[in-house]
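Engineer: Would you be able to build a 3D model of this:
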Amino acid sequence: MKAYGITDRGMVRLENQDAFRYMVSDGGQTAVAVLCDGMGGEKNGGLASALAADAFMSYITDGRREPEDTNAATLVREAAAYANLRVYDRACRDESCAGMGTTLVGVLLSEGGGALVNIGDSRAYILTGRVLRQITRDHSLVQEMVARGELTAEEARRHPRRNIITRAAGLEERVKGDVFSLALEEGQALLLCSDGLSNVVPEDVIASVLLCHLEPEPACRELLRLALAAGAPDNVTILILCREGKPDSDR
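Structural biologist: You can find the predicted model right below:
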C-alpha cells in the first residue's frame, strides 16, 4: 500500500483546523490513517482535530498490540471512542476549550481485512475500477433532509446549512461512530477528505482525478488545486491510500 495526505487552510479561513495522520508498515501490508475537521467557528477547533487524530493513531499503533491481533472493526471503534474521550476530557478540564469538537474518519487496513469509522461529515470514498463510491454517510442536517426526500444530493452540496453536523467527537462523554468493513484490493484507491473538498469538487471530477493519477501524491495535489480554484471557502484536507496492482473494472 501507498499513502499520501495534504492539507490547506483554503481561500477564506484564517487558520487551518483540519488534521490528518497516517502510517504504512515497512512491508506496505498494513496501514492506519485518520482525518479530522475541527468544528468551524468553535474555540480550539484545531486543537480538537489534532488531539483526536493523535489519539486515534496512538490507540492502534502504540505497541500494546499488533493491528492483526484484534478484529479491525473493534479496533477502529475503540480508537474513535478513545479519541472522543481525549477531546472531551480536555474540554472539561480547560474552560477555554469548552465546546470544541471535531469530525473523525479513520481506517485500519491489513492483509486480514480492514475497517473504517466515521463521526461527522468528513467522508471516505473507494474507487473500484472506474466507479467512485461513498462509503460513509454524513452525520449532518442536510443529509437528514436528503434521507427524508426534502433535498437532492446536489442541492445538499450547495445548501447554506450544509456545515451543520449532528454528531461530533468531543462534545459528549460518549459518541457513536459508524463502522464499515473494508477491504482495499489491488488497483483500488481509498480517499478520506474533509468537506472542504467534497463541498466544492463534484464526485465525477474526483473520480477522474483518481483515475488519471496512479500515485497518491499527484492525485492529492491535483484535488487540492481544483478545490482552491473553486474558491475553497473552508479548510481542505485530502488523504489517499492505494494498493498497487491492475484494477479490475468488473469488481
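
Engineer: which residues of this protein fall in helices?
Structural biologist: In order along the chain, the chain carries the following helices (DSSP state H): 45-61, 72-93, 141-147, 153-158, 195-198, 203-212, 216-229.

Engineer: Below-threshold pLDDT in the stretch 51-200 of the chain: ranges please.
Structural biologist: 63-69, 154, 157, 160 (pLDDT under 70).

Engineer: how about 80 then?
Structural biologist: Along the stretch 51-200 of the chain, segments meeting pLDDT under 80 span 63-70, 112, 141-147, 151-163.

Engineer: quick one on the thing from earlier: can you say which of the helices of the chain is nearest to I119?
Structural biologist: Closest to I119 of the helices of the chain is helix 72-93 (C-beta to C-beta; 6.2 Å). C-beta here means a position set from N, CA and C on the backbone, and glycine is covered the same way.

Engineer: and the helices of the chain as TSV, adding mean neighbour count and distance to L104?
Structural biologist: Formatted as TSV, the entries for the helices of the chain read as follows, by neighbours: other C-beta atoms under 10 Å; distance: least, C-beta to C-beta, whole Å:
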stretch	mean neighbour count	distance to L104
helix 45-61	24	5
helix 72-93	20	6
helix 141-147	18	16
helix 153-158	14	21
helix 195-198	26	13
helix 203-212	16	21
helix 216-229	19	19
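
Engineer: so which of those gets nearest G177?
Structural biologist: Evaluated with C-beta to C-beta, these place helix 72-93 nearest to G177, the distance being 4.2 Å.

Engineer: ok, back up a step: quick one, which of the helices of the chain is nearest to D178?
Structural biologist: Smallest distance to D178 across the helices of the chain (C-beta to C-beta): 9.5 Å, for helix 72-93.

Engineer: so who does S140 touch?
Structural biologist: Contact criterion C-beta atoms under 8 Å, 6 or more residues apart in numbering gives 120-121, 162-166 as the residues in contact with S140.

Engineer: hmm, back to that, dump the helices of the chain into JSON lines; add distance to Y4 as well.
Structural biologist: Conversion of the helices of the chain to JSON lines gives the following (distance: least, C-beta to C-beta, whole Å):
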{"stretch": "helix 45-61", "distance to Y4": "16"}
{"stretch": "helix 72-93", "distance to Y4": "21"}
{"stretch": "helix 141-147", "distance to Y4": "28"}
{"stretch": "helix 153-158", "distance to Y4": "25"}
{"stretch": "helix 195-198", "distance to Y4": "14"}
{"stretch": "helix 203-212", "distance to Y4": "12"}
{"stretch": "helix 216-229", "distance to Y4": "4"}
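
Engineer: Quick one: closest of these to Q134.
Structural biologist: If you check each of these against Q134 by C-beta to C-beta, helix 203-212 wins as the nearest, at 7.5 Å.
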